[in-house]
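Chemist: predicted model and sequence follow; I will ask about them next.
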Amino acid sequence: MPLELRNMETEPPIDKLKLALVGAEQNGKSRLAATARKPVLFHDFDNKSESLRGLPGVFVISYVDPQWPMQPTAAQDWLTIVSKLEESLDLGNLGFTSAKGVNVRTNVIDSITTLGEAVSNYAMYNSTDLRREVKFGGHKVFIQASWDAWRAEMLEVRNNLLRLMALPTDTIITLHETAEETPDSTPEKKKFTGKIDVYPSRYRMLLKYFPEIWRVKLTQSVVNNRSAITPKVFPLPTYEFDCGTTLLLDPQEEPNIEVMLAKHEQRLRMKSPAPHAAKQIEESLVVKALTK
């Protein structure tokens with residue numbers, strides 16, 4: 001792969017969004033991701049595409065493994081789609097015939113946790129050294145036999161996530177959250193720090209690839225003079241979770257990515273004057289200095 005050289009001073013404000021959304025189940029992560037720049041392509045591993053029904057500009061590919069004794073296919077299907085995207089971003093080439101000629105703007109992996117499960121299922125099916133077997137009547141369940149199984153899963157997920165992030169599209173992943181345990185916590189007697197961690201915790205290593213890490217959380221608010229529980233976005237760090245953003249955003253935002261990006265661009269323009277305005281300011285300062 002050739003070196004990539006970029007003069008960041010001349011880069012557009014938000015040329016390429018790399019965003020990790022962290023939150024509990026049913027807290028609005030998928031719906032938030034659907035508000036990204038269109039067209040949005042959802043790589044649906046959680047089998048919940050119904051939650052996106054009726055949303056314009058959103059296309060879904062659902063990956064589902066067949067039941068044992070058939071070989072798991074979701075992980076390989078995912079690799080096939082990533083390869084097709086590397087060849088062309090045209091939705092028509094992925095099977096969306098009604099959208100032929102329309103290029104993907106945002107890729108969403110929903111969720112990265114379940115993608116990992118699909119990768120693990122494929123690895124254990126094809127490598128007996130990575131698994132233990134438990135029989136239930138007429139079928140078997142495979143369980144990771146060693147750290148090698150977890151390591152193989154993480155490497156495959158990371159490597160192919162980086163392939164997706166190399167595309168000229170926005171990339172969004174969703175991760176589940178869990179209560180962070182203390183170092184002396186045990187399965188028999190759990191202890192917690194009061195903070196939030198991603199689940200499973202080994203997926204924390206993926207966060208280093210994302211400049212934007214936002215938490216999505218159901219929050220009580222007032223809507224039409226009535227109390228309601230609605231999703232809110234928290235892009236700035238809190239005691240509970242180390243969120244992070246490079247954008248000019250508020251500590252709490254309404255769940256709409258395009259609106260949040262527009263807010264950042266507007267604040268950036270207000271913070272940095274236009275080139276001609278900056279030149280006028282500089283000339284004014286020079287005149288003042290000469291007339292002193």
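Modeler: Received it, and whenever you're ready, just let me know what you need. Numbering: from 1, shown residues only.

Chemist: in this protein, which spans are strands?
Modeler: 18-23, 40-44, 58-62, 106-110, 131-136, 139-144, 170-181, 192-199, 212-223, 226-234 (DSSP state E).

Chemist: okay, buried residues for the fifth one please.
Modeler: Neighbour-count burial for strand 131-136, with 16 or more other Cβ atoms under 10 Å as criterion, is recorded at R131. Every C-beta, even on glycine, is put in place using the N, C-alpha and C of the backbone.

Chemist: who does that strand pair up with?
Modeler: strand 139-144 (antiparallel) (DSSP bridges).

Chemist: contacts for the partner strand next, please.
Modeler: With contacts defined as Cβ atoms under 8 Å, 6 or more residues apart in numbering, strand 139-144 is touched by 67-69, 120-121, 124-125, 130-135, 150.

Chemist: make CSV out of these and add pLDDT and distance to T113.
Modeler: Converted to CSV, those look like this (pLDDT from 0 to 100; distance: Cβ to Cβ, whole Å):
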residue, pLDDT, distance to T113
Q67, 82, 20
W68, 78, 21
P69, 82, 25
S120, 88, 11
N121, 87, 13
M124, 82, 17
Y125, 84, 19
L130, 82, 19
R131, 78, 19
R132, 81, 21
E133, 79, 23
V134, 84, 22
K135, 83, 26
W150, 83, 13
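
Chemist: ok, the residues you listed vs L17, which is closest?
Modeler: Relative to L17, the closest of the contacts of strand 139-144 is S120; by Cβ to Cβ it sits at 28.3 Å.

Chemist: enumerate every residue touching the closest residue to the closest one other than its chain neighbours.
Modeler: In space, and not counting its chain neighbours, S120 is closest to E153: 4.5 Å by Cβ to Cβ, 6 or more residues apart in numbering. With contact taken as Cβ under 8 Å, 6+ apart, E153 is in contact with G116, V119, S120, A123.

Chemist: looking at the residues you listed, which are in helices?
Modeler: G116, V119, S120, A123 (DSSP state H).

Chemist: number of nearby residues for the third one?
Modeler: Neighbourhood size, S120 [other Cβ atoms under 10 Å]: 24.

Chemist: doesn't A149 make contact with it?
Modeler: Yes. The criterion here is Cβ atoms under 8 Å, and S120 meets it with A149 at 6.6 Å.

Chemist: could I get the contacts of E153 as JSON lines with distance to F241?
Modeler: As requested, the contacts of E153 are exported to JSON lines (distance: Cβ to Cβ, whole Å):
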{"residue": "G116", "distance to F241": "20"}
{"residue": "V119", "distance to F241": "26"}
{"residue": "S120", "distance to F241": "26"}
{"residue": "A123", "distance to F241": "30"}
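
Chemist: and V233, how close does it get to Y125?
Modeler: Noted for V233: a distance of 38 Å to Y125, by Cβ to Cβ, to the nearest Å.

Chemist: out of these two, which sits in the more crowded spot?
Modeler: V233 (26 against 19).

Chemist: was I right to think that one contacts D250?
Modeler: No. At 9.4 Å, V233 and D250 do not qualify as touching, with contact defined as Cβ under 8 Å.

Chemist: number of nearby residues for A36?
Modeler: 25.

Chemist: go on, K140?
Modeler: The burial count for K140: 12, using other Cβ under 10 Å.

Chemist: how about the one 4 residues further on?
Modeler: Using other Cβ under 10 Å, the number of residues around Q144 comes to 16.

Chemist: again, but for I196
Modeler: For I196, the count of nearby residues is 21 (other Cβ under 10 Å).

Chemist: how far away is it from Q252?
Modeler: 16 Å.

Chemist: and the contacts of strand 139-144 as a markdown table, adding distance to Y209?
Modeler: A markdown table is the format used below for the contacts of strand 139-144 (distance: Cβ to Cβ, whole Å):
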| residue | distance to Y209 |
| --- | --- |
| Q67 | 33 |
| W68 | 33 |
| P69 | 36 |
| S120 | 20 |
| N121 | 24 |
| M124 | 26 |
| Y125 | 28 |
| L130 | 25 |
| R131 | 29 |
| R132 | 32 |
| E133 | 34 |
| V134 | 35 |
| K135 | 39 |
| W150 | 19 |
